[in-house]
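Visitor: Would you be able to build a 3D model of this:
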Amino acid sequence: MNNSDKFLWGASTSGFQAEGGYNEDGKGLSTTDVRKVPSGVADTKVASDHYHHYKEDILLMKELGLKAYRFAFCWARIMPDGHNINEKGLSFYEDIINICLENDIEPIPTLYHFEMPQALVDEFGGWKSRKCIDAFVEYARICFERFKGKIKHWVTINEQLIATAASDLNGNHEEDKFIQTKNVYQMSYNQSIAEKKAFKLLREIDIDAEIGVVTAVQNVYPKTSAPKDVLAAMDAEEMMMYMLLDMSVFGRYSPRVMEILKENDYLPQMDECDQDVLSYKPDFIGINYYSSLCVQENKTKDINYKLPPFFRSREFEVVNNAHIEKTEWMSNGIDPLGLRTIIYKIYNRYHLPIIITENGMAYSDELIDGRVHDDYRIDYISKHIKEVLIAKEEGYPVFGYCPWSFIDVVSSHQGFAKRYGLVYVDRTDTDIKECKRYKKDSFYWYQNTIKTNGNQLLLSNKN
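Guide: Numbering: from 1, shown residues only. All right, here's what the predicted structure looks like:
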């Protein structure tokens, strides 16, 4: 890999986890604003206070040497009630985009990252209703038209798997767990159709821009070489990853997915008019990768409804992988080679360019004398980047890498005890302080990696 390659060395955040300013300048309530968080854990009202620090943060990005900033619009900041435009919200994102461009940082916005206007959930149940498809497409139209010519790469939906499965993010609070799970697959289908319509719309509005999907990838190992464990691993990947990407790219579910959905009475209702948009597909695929999974055959064939929706299956059971190192916050373990493996799998199935949109190490960082010595994060990120660059050297079209996250952001359930950032945000769950920024050791390490275009990592592989 040489310095002439236009590899997008970036970093990521999301709207509700970073911005704060939850009720400022006309913003409406998001689903993430009304969700219940455990006592003593930070919520999203202030988060990392990016809303008031974004200019400072972008200058830090420039100092870091970022070529791209992958972030997310907050739908409720742009359309507080899901229908009407809030000009101040659009102006906020326009300012972020303009300042990024002024500093040679490519802005890569995501339209939907786990949050939506609570008003749409109250009005018609959110993604459980097809009305949400039209609402999302109108929201996309507003953004595409406003930022035409400024955005090269759009992202539609971040991690549809999690966006549909996490009830506190989407209002799917059915007490009957079967109905709740059935809703998940209907919501997933509705999001897929909304996404397809957004693909079509962007090509009508801004032919020079590209649009992609971002998926939480599930590189799944069988616990043993027993044939039924191997099939269980294949089924887990089908239901948690390929089901979503097959619909995004091919406009259909695989025969195996269709069979499983029918067997469990999860098959979503589809409309004939959807055929008009099924042929539209993304220009690229974004990969969010933190760790791999290990499964075995579900011998009881019972569905454990106590598990998250995407783990509820008659076909497989998630188990411990004894071959992978675990940490406090990385409960599924650390598996750098799994990232290269997943690049192979996804490209070989879809033949689309790939960007790593999230990859990071969670840790309870400590600020000591103004410094954070996070060698563990440097070790994690360096090993994962190395695998990405090996795949790129082999000819796989990986065009960027964005660690999660640029600054510390509020975790969905662990607040600020669990941190991922290259930049430390000085606050706790109970004391907001001034949210002062401190560059961690990983900031300086990544700065050097960008300067050398990752060549030192590739050389370490060859030696």
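
Visitor: Low-confidence bits of the stretch 351-463 of the chain, can you list those?
Guide: In the predicted model of the stretch 351-463 of the chain, residues 460-463 satisfy pLDDT under 70.

Visitor: can you pull out the strands in it?
Guide: Remark: strands assigned in the stretch 351-463 of the chain by DSSP state E, counting those that start in this stretch are 354-358, 398-401, 423-426, 436-439.

Visitor: Single out the most deeply packed of the ones you listed.
Guide: strand 354-358 (a mean of 26; mean count of other C-beta atoms under 10 Å). All C-beta spots, glycine's among them, are computed from the backbone N, C-alpha and C.

Visitor: That one pairs with which strands?
Guide: strand 284-288 (parallel), strand 398-401 (parallel) (DSSP bridges).

Visitor: export the ones you listed to a markdown table and tack on distance to Asn103?
Guide: Output for the strands paired with strand 354-358, formatted as a markdown table (distance: least, C-beta to C-beta, whole Å):
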| stretch | distance to Asn103 |
| --- | --- |
| strand 284-288 | 23 |
| strand 398-401 | 17 |
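
Visitor: So for Ile205, which of those strands sits nearest?
Guide: strand 284-288 (18.1 Å; C-beta to C-beta).

Visitor: Dump the strands of the stretch 351-463 of the chain to TSV, plus distance to Val37.
Guide: TSV is the format used below for the strands of the stretch 351-463 of the chain (distance: least, C-beta to C-beta, whole Å):
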stretch	distance to Val37
strand 354-358	21
strand 398-401	31
strand 423-426	17
strand 436-439	23
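
Visitor: I'd like the mean pLDDT over the lengthiest helix in the chain, please.
Guide: Under DSSP state H, the helix in the chain containing the largest number of residues is helix 177-205. Average pLDDT, helix 177-205: 96.

Visitor: What residues sit buried inside that helix?
Guide: Using 16 or more other C-beta atoms under 10 Å as the test for burial, helix 177-205 gives 180-202.

Visitor: ok, then the element right after that helix?
Guide: strand 210-216 (DSSP states H and E).

Visitor: Remind me what that next one packs against, helices and strands.
Guide: Secondary-structure packing of strand 210-216 (3 or more C-beta pairs under 8 Å, 6 or more residues apart in numbering; DSSP states H and E): strand 153-158, helix 160-165, helix 177-205, helix 243-250, strand 284-288, strand 354-358.

Visitor: Against which helices or strands is the following helix or strand past that strand packed?
Guide: The helix or strand immediately downstream of strand 210-216 is strand 220-222, counting by DSSP H and E. Judged by 3+ C-beta pairs under 8 Å, 6+ apart, the packing partners of strand 220-222 are helix 227-237, strand 293-297.

Visitor: now the residue nearest to the spatial centre of the chain, which residues is it bridged with?
Guide: Closest residue to the average C-alpha location of the chain: Asn158 at 4.2 Å, with C-alpha atoms, centre = their mean. Under DSSP bridges, the beta-bridge partners of Asn158 are Val214.

Visitor: Let me know the pLDDT of it.
Guide: The model's pLDDT for Asn158 equals 96.

Visitor: My understanding was that it contacts Asn288; is that so?
Guide: Yes: counting by C-beta atoms under 8 Å, Asn158 does reach Asn288; the two are 7.5 Å apart.

Visitor: Now for the two: what residues contact both?
Guide: Any residue near both Asn158 and Asn288 by C-beta atoms under 8 Å, 6 or more residues apart in numbering counts here, and that gives 214, 357.

Visitor: hang on, the earlier thing: so which of the helices and strands packed on strand 220-222 is the most surrounded?
Guide: Taking mean count of other C-beta under 10 Å, strand 293-297 is the most buried of the helices and strands packed on strand 220-222, at a mean of 22.

Visitor: what's the angle from that strand to helix 227-237?
Guide: 130 degrees (axes from the mean of the first three to the mean of the last three C-alpha atoms, to 10 degrees).

Visitor: coming back round to it: for the helices and strands packed on strand 220-222, which one sits closest to Ile354?
Guide: That would be helix 227-237 among the helices and strands packed on strand 220-222, by C-beta to C-beta, at 16.5 Å.

Visitor: Against Asn304, how distant is Ile108?
Guide: 37 Å (C-beta to C-beta, to the nearest Å).

Visitor: repeat for Cys435
Guide: Remark: distance between Cys435 and Asn304 (C-beta to C-beta) = 40 Å.

Visitor: Ok, Ser411 next?
Guide: For Ser411, the distance to Asn304 (C-beta to C-beta) stands at 25 Å.

Visitor: One more: Tyr93?
Guide: 41 Å.

Visitor: list the contacts for the residue nearest to the centre of the chain?
Guide: Contact analysis of Asn158 by C-beta under 8 Å, 6+ apart lists 14, 72, 110, 112-114, 214, 288, 357.

Visitor: for those residues, which one is nearest Asp235?
Guide: Asn288 (21.2 Å).

Visitor: what pLDDT does Val257 get?
Guide: pLDDT, read off for Val257, is 95.

Visitor: ok, it to Asn172 distance?
Guide: On the measure of C-beta to C-beta, Val257 and Asn172 end up 20 Å apart.

Visitor: same deal with Thr430?
Guide: Per C-beta to C-beta, Thr430 is found 30 Å from Asn172.

Visitor: what about those two, which has more around it?
Guide: Asn172 (24 against 10; other C-beta atoms under 10 Å).

Visitor: Ile108 and Asn304: who's more crowded?
Guide: Ile108 (26 against 14).
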